[in-house]
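>>> Let's see this in three dimensions:
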Amino acid sequence: MRMTTVLVLVENLDMYLPILESSGYQLIRAPTAELRAEAIAAHGKSISAVMTRGPLGFFAEEMDALPNLRIICVSGAGYEKVDLPAAQARGITVTNGAGVNAATVADHTLALLLSLVRDIPQADASVRRSEWRKVVRPSLAGKRLGIVGLGAVGLAIARRAAAFDIAIGYHNR
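All right, here's what the predicted structure looks like:
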């Protein structure tokens, strides 16, 4: 049985890569541009899969150097720098993880919103200086939040905002 060789460009999947290795995949880790170019030059004929992220992408000239490439897996929703026409012309499947980061992005968005509205960094700093000013900080309850794009991330933000009794307005395609 021929082992599937995967070129891994993504630098933040270390906890998942052993699962692939134990399933019989040969992984070539290349998290920098230099290692990427070296790996493609040295192993181009054996690579049949690439794991990347949207900002890292994968380009036509790289696809040309990988004659056995069958799939480009993008970890995350965006695939903005993957040359889709080049992949399609070569019969290469491109996948992405649409919605996979929605909960994390929504959590972070609400954390930033709370921090901004409630002035949390400044309040924290004043408490640490033992300054106990009685400042009334606004509540999110009763406010209105506008969301542009009600995809997976937008919906996750809306659900979390609703728990704070925030009215939701949105614009979608």
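>>> Model confidence for residue 136, exactly?
According to the prediction, residue 136 has pLDDT 82.
>>> give me the element it is part of.
Using DSSP states H and E, residue 136 sits in no helix or strand.
>>> repeat for the one 10 residues further on
Using DSSP H and E, residue 146 falls within strand 144-148.
>>> Residue 49 too?
Going by DSSP H and E, residue 49 is in strand 47-52.
>>> For residue 159, grab phi and psi.
phi -60, psi -40 (degrees, to the nearest 10).
>>> Mind giving me the packing neighbours of the longest helix belonging to the chain?
Criterion DSSP state H: the longest helix present in the chain is helix 102-118. With contacts taken as 3 or more C-beta pairs under 8 Å, 6 or more residues apart in numbering; DSSP states H and E, helix 102-118 sits against helix 152-163. C-betas here are computed from N, CA, C, even on glycine.
>>> helices or strands next to the helix it packs on in the packing?
If contacts are counted by 3+ C-beta pairs under 8 Å, 6+ apart, helix 152-163 sits against helix 102-118, strand 144-148, strand 167-171.
>>> surely residue 169 meets residue 145?
Yes. Using C-beta atoms under 8 Å, residue 169 is in contact with residue 145, at 7.1 Å.
>>> Just the C-alpha atoms of the strand holding residue 49, please, in CSV.
Taking C-alpha atoms only, strand 47-52 is exported to CSV below (Å, rounded to 0.1, in the frame of the first residue of the first chain):
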residue,chain,number,x,y,z
ILE,A,47,2.9,14.9,-2.2
SER,A,48,-0.8,14.2,-2.9
ALA,A,49,-2.3,16.5,-0.2
VAL,A,50,-1.7,20.0,1.1
MET,A,51,-2.9,21.4,4.4
THR,A,52,-2.9,25.2,4.5
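>>> Determine the set of other helices and strands touching the helix or strand just after it.
Where DSSP H and E defines the elements, the next helix or strand beyond strand 47-52 is helix 60-64. Counting contacts by 3+ C-beta pairs under 8 Å, 6+ apart, helix 60-64 is packed against helix 84-89.
>>> burial count for residue 153?
For residue 153, the count of nearby residues is 20 (other C-beta atoms under 10 Å).
>>> Now do it, the pLDDT please.
Residue 153 carries a pLDDT value of 93.
>>> what's near enough to touch it?
99, 101, 102, 105, 106, 109 (C-beta atoms under 8 Å, 6 or more residues apart in numbering).
>>> Could you single out the nearest of those residues to residue 173?
The closest of these to residue 173 turns out to be residue 99 (C-beta to C-beta; 16.4 Å).
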